[in-house]
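Chemist: Turn this into a structure:
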Amino acid sequence: MKYDFDKVIDRRHTDALKIDYVPELWGRDDLMPLWVADMDFATPPFIMDALKQRLEHPVLGYTCRARAWYEAIVRWQQNRYGWSIREEWLNFVPGIVPGIAFCIHCFTRPGDKVLIQTPVYHPYILVPQNNGRVVEESALRIEDSAVAGSYSAAAMTIDWEDFERKAEGCKLFLLCHPHNPGGRVWTREELVRMAEVCQRKGVLVVSDEIHADLTHHGYSHLPFASVCEAAAQNSITFASPSKAFNMAGLTSSYSIIPNPDVRAKFSTFLENSELNLGHLFAFISVAAAYSHGTEWLDQCISYIEGNVEYVERTLREEMPRICIIRPQASYLIFLDCRGLGLTPEALNRFFVEEAHLALNDGAMFGKPGEGFMRLNVASPRSVIQQAMRQLKEAYGRLRRN
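Modeler: Numbering: from 1, shown residues only. Have a look, this model is predicted:
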C-alpha cells in the first residue's frame, strides 16, 4: 500500500503543542512551526482503526496490560534489531522523560551527579537539575562546517578522555541513542566502550532509544543492552513507538531491563506510587504500531530522507553559510549557522523576525549547541519548501546588510 505523506493537515485548534503554543512561547502567531519533535503526517490508519474499534465498545473501564502489548514489543525488538528480550523485562512508563525522572529518584539522591553528553535533548539537563542533582556535561566534539552544505552526523564524536574523567563519581549516565539533536547513530564500538567505562566506574546507564525506529536506510541501530554483557547488566532502556508512528499524545512508552536486581528496584519504585499501570490506548496503540507498522514506517523514513536531501541541497546551493549535520536517524536536523557570524540572540531574531520560522535554539541543548538551530522536517514536502523559501529571503537580506 502506498501511503500519502504529501497531504497538508490543518492541526490548528486541536491543542497541538507544536502549533497552538507558538503565540505563548514566541509572542506572535505568524511563524511556521518546525520545532516540537512530532510529525505533521497523519497517524497511521492501522493505529487509528484499532483505537476506533475499541471505542465502539460502550465501556471504558480499568484496563490491564494486553497480551498483544507484550508480544508485539518482543517481536518488534527481535525483528527490527535482532534483540531477543523476555516479557518479564518489560514495564510500562508514562513517557520517557517521566521515566528518566523516575530513574533519578530511584537510583540517585539529591546532590548526586548525572552524566550527559551535550548538546543533548534539554530535559536531560533540566530534569536532573530540577530535582536537585548535579549535571556533569561531557561535550561532544562537533567539527567545524568546512564543507558547504552539510557534513555527516559522524562528525559528532565522543571525547573519550573527557568522558572517562566526567563519569567518575556519577550515579547515572543518560544516553541519547540515537542522538537528539544531532541524529547520530552510535556504533557498536562506541556503545561497548561506553558500557565498559560505566560498569568500571559504577555508573548506571539509562538509554533513551525513542528515535531508534526512525534510523535512516544504510545505518543500523543497536540497542544498547544488546551490545555486550556489561551493557545488558548495567542499563535501563526506554523505548516507544510514539515518535516513529506520530502518537506522542498517547504517552505509550516502556522500559526494558535485563538485570533482575535493577529491574526489581525500578519496578518497586514504580509500583509503590502506581506509576506503571498504563492505560487503555497505550496498550492498543503500541500493539497496532508494532504489529502492522513496518511498511508504513519504511515509507515514512524514505519520505523524511527526501526532505533532508532537499534541505541539504537547497542550503548548499543557495545558502552556503548555513550547513546541516546530516542525520543518520530521525527527522530532526541540527543546522550549523555559525557561518552567519551572529550572536545566539541575533540568530534567534534572524529566524523569528526575518525568516518567520519557529525552530529550537541550539543553545537550549547545552553550550556546545550555540550557533545551531534544530529544524523538524517531518512535514509534507510543500511545507518544507515554503520554509526554505522564507529562509532564503531572510538570508538574502542578511547578506545585503
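
Chemist: remind me, longest strand of the protein?
Modeler: strand 170-176 (DSSP state E).

Chemist: since we're on the closest residue to Ala155 other than its chain neighbours, how many residues are nearby?
Modeler: Distances taken as C-beta to C-beta, 6 or more residues apart in numbering place Glu143 nearest to Ala155, at 4.2 Å, with adjacent residues excluded. Where you see a C-beta, it was placed from the backbone N, CA and C, and this is true even at glycine. Residues near Glu143, counting by other C-beta atoms under 10 Å, number 14.

Chemist: I'd say Glu143 and Ser152 touch.
Modeler: No - using C-beta atoms under 8 Å as the test, Glu143 is too far from Ser152 to be in contact (9.4 Å).

Chemist: Excluding its own residues, what touches the longest helix belonging to the chain? List them.
Modeler: If you go by DSSP state H, the chain has its longest helix at helix 294-318. Contact with helix 294-318 is made by 1-3, 5, 39, 41, 44, 46, 79, 148-150, 213-217, 244-245, 322-324, 326-327, 330-331, 333, 335, 375, 377-379, 381, 384-385, 388, 392, 395, as judged by C-beta atoms under 8 Å, 6 or more residues apart in numbering.

Chemist: who's in contact with Ile256?
Modeler: Counting by C-beta under 8 Å, 6+ apart, Ile256 has contacts 77, 85, 89-90, 223, 225, 236-239.

Chemist: switch to 10 Å and redo it
Modeler: 73-74, 77, 83, 85-86, 89-91, 207, 209, 223-226, 235-239, 263 (C-beta atoms under 10 Å, 6 or more residues apart in numbering).

Chemist: now this protein, which segments are flagged as low pLDDT?
Modeler: For the chain, residues meeting the criterion pLDDT under 70 lie at 144-150, 153, 401.

Chemist: Tell me where it has helices.
Modeler: Using DSSP H, helices in the chain cover 17-20, 22-26, 45-55, 67-81, 96-107, 123-130, 160-167, 188-201, 229-232, 260-272, 280-292, 294-318, 344-349, 381-400.

Chemist: ok, back up a step: contacting residues around the residue nearest to Ala155?
Modeler: The contact partners of Glu143, by C-beta under 10 Å, 6+ apart, come to 151-152, 154-157, 325, 336.

Chemist: quick one on the thing from earlier: which of the contacts of helix 294-318 are buried? Put it as a ChimeraX command.
Modeler: Those of those that count as buried under 16 or more other C-beta atoms under 10 Å are selected in ChimeraX with:
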select :3,5,39,41,44,46,149,150,213,214,215,216,244,245,322,323,324,326,327,330,331,333,335,375,377,378,379,384,388,395
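
Chemist: Which members of the contacts of helix 294-318 occur in strands, if any?
Modeler: Those of those mapping onto strands are 150, 323-324, 326, 333, 335, 375, per DSSP E.

Chemist: Endpoints of stretch 352-371, how far apart?
Modeler: 15 Å (C-alpha to C-alpha, to the nearest Å).

Chemist: Work out the gap between it and the centre of the chain.
Modeler: The chain centroid and the centroid of stretch 352-371 are separated by 17 Å, computed with C-alpha atoms, centre = their mean, to the nearest Å.

Chemist: cool, stretch 174-187 as well?
Modeler: 8 Å.

Chemist: Using CSV, write out every CA atom in it.
Modeler: Only the C-alpha atoms of stretch 174-187 are listed here, as CSV (Å, rounded to 0.1, in the frame of the first residue of the first chain):
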residue,chain,number,x,y,z
LEU,A,174,21.7,9.5,30.4
LEU,A,175,22.5,8.2,26.9
CYS,A,176,20.6,9.6,23.9
HIS,A,177,20.6,6.8,21.4
PRO,A,178,20.2,7.8,18.6
HIS,A,179,21.3,11.2,19.5
ASN,A,180,19.0,14.2,19.6
PRO,A,181,19.5,16.9,18.2
GLY,A,182,22.5,15.6,16.2
GLY,A,183,20.9,12.5,14.6
ARG,A,184,24.0,10.4,15.5
VAL,A,185,23.6,6.6,15.4
TRP,A,186,26.2,5.2,17.8
THR,A,187,28.4,2.4,16.6
